[in-house]
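Visitor: how would this look folded up:
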Amino acid sequence: MRLIAKTLAGLEPVLTQELEDLGAQNIEPLNRAVAFDGDQALMYRANLELRTALRILKPIHQGKVKTEDELYKLVRTIDWSQHMKVNDTLAVDGVTNSRLFTHSKYVALKTKDAIVDQFRDATGRRPNVNVFAPRLRINVHIYNDECTIALDSSDDSLHKRGYRISSVEAPINEVLAAGMVLLSGWDADRPLMDPMCGSGTLLIEAGLIATRRAPQLNREHFGFKRWPDFDEVLWAKLLEDAQQRVRKSPVPILGSDKDFKAFRLTEQNAMAAGLEDTIEVQRKKFEKLTPAVESGTILMNPPYDERLSEADIGAFYEMIGDQLKQRFSGFEAWIISSSKEGFKRVGLKTSKKIPLFNGALECRFVKYELYDGSQNKEL
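Guide: Next up is the predicted model:
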């Protein structure tokens with residue numbers, strides 16, 4: 001069957017590689033998504049194991065629509081009794097990129113109307129909507145006049161790993177954090193540090209990778225588990241296989257933050273993720289931090305312009321550059337930020353720049369290789 005994995009902008013290549021590693025066929029990178037072929041087991045594994053996917057969708061119908069009436073008729077051509085019962089609940093998510101349909105919520109509403117009207121005409125009753133915990137979640141995507149109707153096998157977004165008890169201001173999305181770790185090329189072959197760890201998301205995603213722990217190993221609820229064809233025996237086998245792959249991290253994963261709340265939150269979230277023996281965290285300012293290991297990979301999500309005044313941003317990023325140059329020779333450092341001025345003030349030669357989005361903010365994910373006598377070079 002054809003499936004679609006949704007992701008964040010810039011992570012399509014990483015998700016493609018993840019799908020190849022899972023054994024997916026006919027992989028096709030799209031915009032913020034990757035299409036692929038796979039069987040039921042692969043759909044289950046994609047939900048369980050993919051680190052950079054937001055949702056796994058199963059398209060069930062396609063067609064061209066130019067008006068709301070055509071959309072309504074297209075949805076009604078599907079026999080919805082094959083996917084749910086009249087006493088089940090449903091939710092519809094709409095996504096539009098079309099001059100013909102400019103309001104995604106209206107698309108979702110018309111789709112919902114077509115489904116419940118079909119049940120009403122057949123049974124005299126209408127299914128209810130439950131946007132929080134539906135029996136069936138449906139995704140409708142319209143690009144120009146091409147409409148794709150899909151079942152959402154994930155239900156809740158897969159970025160919700162279940163370990164984030166609480167967070168500090170501006171936490172990074174779990175899928176973005178995992179994508180950053182994978183884009184850096186780190187695969188637990190050297191120590192990893194985050195010296196501005198916030199609530200610990202980068203550290204935890206690295207810890208999940210290092211311990212080969214599936215990101216949804218402890219998640220109870222998936223959309224496919226409420227489908228009529230759910231294979232409980234197959235799912236139990238896949239869970240067991242995933243649990244048997246978990247190992248101890250071969251390298252240290254180290255975090256620090258100047259903020260006491262961030263320090264405590266990282267400890268709590270790491271424990272919730274089952275990584276309390278994998279991640280070591282301390283409370284310390286970056287400008288006073290000395291590395292506990294001789295070399296490794298540094299990942300950083302420092303404050304951007306939105307969290308620092310314009311007067312402070314230059315000095316702050318200049319401090320980051322000085323600290324990296326003076327104390328972290330032998331490391332490679334990756335920084336994500338939306339601040340062009342900040343990057344200019346880092347004052348280190350860059351070896352790679354990757355465009356990414358952190359929420360709505362257009363960012364760059366920049367690599368610095370730190371050697372003795374690093375030459376300054378503005379980005």
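
Visitor: CA atoms for contacts and neighbours, from now on please.
Guide: OK.

Visitor: Now do the buried residues in the helix or strand hosting M43.
Guide: Using DSSP states H and E, M43 maps to helix 40-49. Buried residues in helix 40-49, counting neighbours by 16 or more other CA atoms under 10 Å, are found at L42, M43, Y44, R45, A46, N47, L48, E49.

Visitor: Could you do stretch 318-335 as well?
Guide: 318-325, 327-335.

Visitor: Would you agree V75 is in contact with T111?
Guide: Yes. Counting by CA atoms under 8 Å, V75 touches T111, with 6.3 Å between them.

Visitor: and A53, how many neighbours?
Guide: A53 sits with 30 neighbouring residues when counted by other CA atoms under 10 Å.

Visitor: scratch that, T77 is what I was asking about
Guide: For T77, the neighbour count with other CA under 10 Å is 12.

Visitor: Parallel or antiparallel, list what pairs with the helix or strand containing G255.
Guide: Using DSSP H and E, G255 sits in strand 253-257. Strand 253-257 pairs in its sheet with strand 192-194 (parallel), strand 279-283 (parallel), by DSSP bridges.

Visitor: Can you name the next helix or strand after the last one?
Guide: It refers to strand 279-283. strand 297-300.

Visitor: Distance from that next one to the middle of the chain?
Guide: 18 Å (CA atoms, centre = their mean, to the nearest Å).

Visitor: Could you do stretch 177-194 as well?
Guide: Counting by CA atoms, centre = their mean, stretch 177-194 comes out at 15 Å from the chain centroid.

Visitor: What are the buried residues along that stretch?
Guide: By neighbour count with 16+ other CA under 10 Å, stretch 177-194 contains the buried residues 177-184, 186, 188, 190-194.

Visitor: from those residues, which ones fall inside strands?
Guide: Filtering those for membership in strands, criterion DSSP state E, returns L192, M193, D194.

Visitor: I'd like the residues you listed as CSV, with distance to A270 appended.
Guide: Listed next are these as CSV, based on distance: CA to CA, whole Å:
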residue, distance to A270
L192, 15
M193, 14
D194, 14
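
Visitor: I'd like these written out as JSON lines, with pLDDT and distance to M1 added.
Guide: Listed next are these as JSON lines, based on pLDDT from 0 to 100; distance: CA to CA, whole Å:
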{"residue": "L192", "pLDDT": "98", "distance to M1": "39"}
{"residue": "M193", "pLDDT": "98", "distance to M1": "41"}
{"residue": "D194", "pLDDT": "98", "distance to M1": "40"}
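
Visitor: With respect to A206, which of those residues is nearest?
Guide: L192 (8.0 Å; CA to CA).

Visitor: So that closest one is in contact with P252, correct?
Guide: Yes. The pair L192 / P252 is scored as a contact, 6.6 Å apart, by CA under 8 Å.

Visitor: And stretch 297-307, what's buried?
Guide: T297, I298, L299, M300, N301, P302, P303, Y304, D305.

Visitor: ditto for stretch 103-116
Guide: Quick answer for stretch 103-116 (16+ other CA under 10 Å): S104, V107, A108, K110, T111, K112, A114, I115, V116.

Visitor: E18 sits in which helix or strand?
Guide: Assigned by DSSP H and E, E18 falls in helix 12-22.

Visitor: ugh, wrong one, I meant E362
Guide: Counting by DSSP H and E, E362 is found in strand 361-369.

Visitor: who does that strand pair up with?
Guide: Strand 361-369 has its sheet partners listed here by DSSP bridges as strand 332-337 (antiparallel), strand 350-358 (antiparallel).

Visitor: From the rest of the structure, what touches the first one?
Guide: Same thing as strand 332-337. Here strand 332-337 makes contact (CA atoms under 8 Å, 6 or more residues apart in numbering) with 184, 296-304, 343, 363-370.

Visitor: And the average pLDDT for the helix or strand following that strand is what?
Guide: On the C-terminal side of strand 332-337, the closest following helix or strand by DSSP H and E is helix 340-346. The pLDDT scores in helix 340-346 average 94.

Visitor: again with stretch 175-185
Guide: Stretch 175-185 comes out at a mean pLDDT of 98.

Visitor: residues making contact with it?
Guide: Contacts of stretch 175-185 (CA under 8 Å, 6+ apart): 7-8, 11, 14, 51-54, 158-159, 201-202, 205-206, 299, 334, 358, 365.

Visitor: likewise stretch 65-76?
Guide: So stretch 65-76 is contacted by 63, 100-101, 107, 110-111, 113-115, 118, 145-147, 149 (CA under 8 Å, 6+ apart).

Visitor: go with 7 Å
Guide: L100, K110, T111, A114, I115, Q118, D145, E146, C147 (CA atoms under 7 Å, 6 or more residues apart in numbering).

Visitor: element containing the fifth one?
Guide: When secondary structure is defined using DSSP H and E, the element that contains I115 is helix 104-123.

Visitor: Now do the helix or strand where L71 lies: distance to the chain's middle.
Guide: Per DSSP H and E: L71 is located in helix 68-76. Taking CA atoms, centre = their mean, the mean C-alpha location of helix 68-76 is offset from the chain mean by 32 Å.

Visitor: now it against helix 104-123, angle please.
Guide: Relative orientation of helix 68-76 versus helix 104-123 (axes from the mean of the first three to the mean of the last three CA atoms, to 10 degrees): 50 degrees.

Visitor: what angle do whatever helix or strand comes next after helix 68-76 and helix 104-123 make?
Guide: On the C-terminal side of helix 68-76, the closest following helix or strand by DSSP H and E is strand 89-97. Strand 89-97 runs at 140 degrees relative to helix 104-123, counting by the same axes, to 10 degrees.

Visitor: C-alpha coordinates for strand 89-97, CSV please?
Guide: Extracted C-alpha coordinates of strand 89-97, given in CSV (Å, rounded to 0.1, in the frame of the first residue of the first chain):
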residue,chain,number,x,y,z
THR,A,89,-16.4,9.2,16.6
LEU,A,90,-14.3,11.0,13.9
ALA,A,91,-12.1,14.0,13.4
VAL,A,92,-11.0,15.6,10.2
ASP,A,93,-7.8,17.6,9.6
GLY,A,94,-7.7,19.8,6.5
VAL,A,95,-4.6,21.0,4.6
THR,A,96,-4.9,23.3,1.6
ASN,A,97,-2.5,24.8,-0.9
